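K.L.:
Quick one, what's the 3D model for this:
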Amino acid sequence: MKKITLLTLLIVGILFSACKKEECNCQKFLGSFYFGIRTSHYPINSTDTPRYRTLDNTTDLPLYLSHRGQIDDPPKSLGLDYYQYETDDTEFRNSDFGLSFYSIAGSTLTEVRNKLIIDWYGVKDINTIYQKYTMDFTFPVDSNIFSSELFIYDSLFVVDKWYKKVLTGPVYINHQTGLEYTGAIPERFYYSTDYGIVKFDMSNGTHWEIINEE
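P.N.:
From the prediction side, this is the model:
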């Protein structure tokens, strides 16, 4: 009986040791990183409607969707230790055009930068949009001044108002989505920390300029 008891204890010890080793090798959640995207980095509240003066009229872009979530990096499916970053996806759209803002929170601990991706696109119908025209940069805005493509204006005058600290840069085509848009497209953007996109330079020599009703 004593031998059986010792054998049982030995087997239990081996099993416990194996389980403990397996626990040490499983993926670990290392923490989450958040920031107040809409308060400190993303100036357009979900209830606001951006309004732009275009060549012949005024273009209003009502809220289409607004969603906050998280992404895992590296992807959780890889089975590696991972961090989680806050995201914000907010889109404005009418029957002709759309403007979407996608923000990703970063962390100095993981050397991931706070990033904002803005897409302008044409709308063909309720189920179809044209390929997107994209601009992206990191926060704070000041950190982009050293880029060869981006430049920061101390101030910019748009429709009877001065805007401070405006980041400007080129727009590039996202060929992976949608049909080719044949109308005038943005070629350069002007981004204000306080008001979002305040101006687009269009391919036909015209401009989209934000109308601030304050």
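K.L.:
list the buried ones in the one helix or strand residue 134 maps to?
P.N.:
Using DSSP states H and E, the element containing residue 134 is strand 132-139. The neighbour-count check on strand 132-139 (16 or more other CB atoms under 10 Å) flags 132-135, 137-139 as buried. Placement of C-beta: from N, CA and C, glycine included.
K.L.:
Would you state the helices of this protein in chain order?
P.N.:
Applying DSSP state H to the chain gives helices spanning 2-25.
K.L.:
where are the low-confidence patches of it?
P.N.:
Within the chain, the ranges that satisfy pLDDT under 70 run 1-24, 36-47, 213-214.
K.L.:
circling back: who are the neighbours of the strand holding residue 134, in terms of helices and strands?
P.N.:
For strand 132-139, the packing partners by 3 or more CB pairs under 8 Å, 6 or more residues apart in numbering; DSSP states H and E come out as strand 114-125, strand 161-170, strand 172-174, strand 186-192.
K.L.:
ok, and what's touching the last one?
P.N.:
With CB atoms under 8 Å, 6 or more residues apart in numbering as the contact definition, strand 186-192 has outside contacts at 43, 118, 120, 133, 135, 137, 141, 153, 156, 158, 163-171, 197-203, 208.
K.L.:
returning to what we had before: most tightly surrounded among the helices and strands packed on strand 132-139?
P.N.:
Ranked by mean neighbour count under mean count of other CB atoms under 10 Å, these are led by strand 186-192, which reaches a mean of 20.
K.L.:
ok, back up a step: columns distance to residue 81 on top of the helices and strands packed on strand 132-139, output as TSV?
P.N.:
Below are these laid out as TSV (distance: least, CB to CB, whole Å):
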stretch	distance to residue 81
strand 114-125	22
strand 161-170	34
strand 172-174	32
strand 186-192	35
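K.L.:
which one of these lies closest to residue 77?
P.N.:
strand 114-125 (22.0 Å; CB to CB).
K.L.:
Noted, bye for now.
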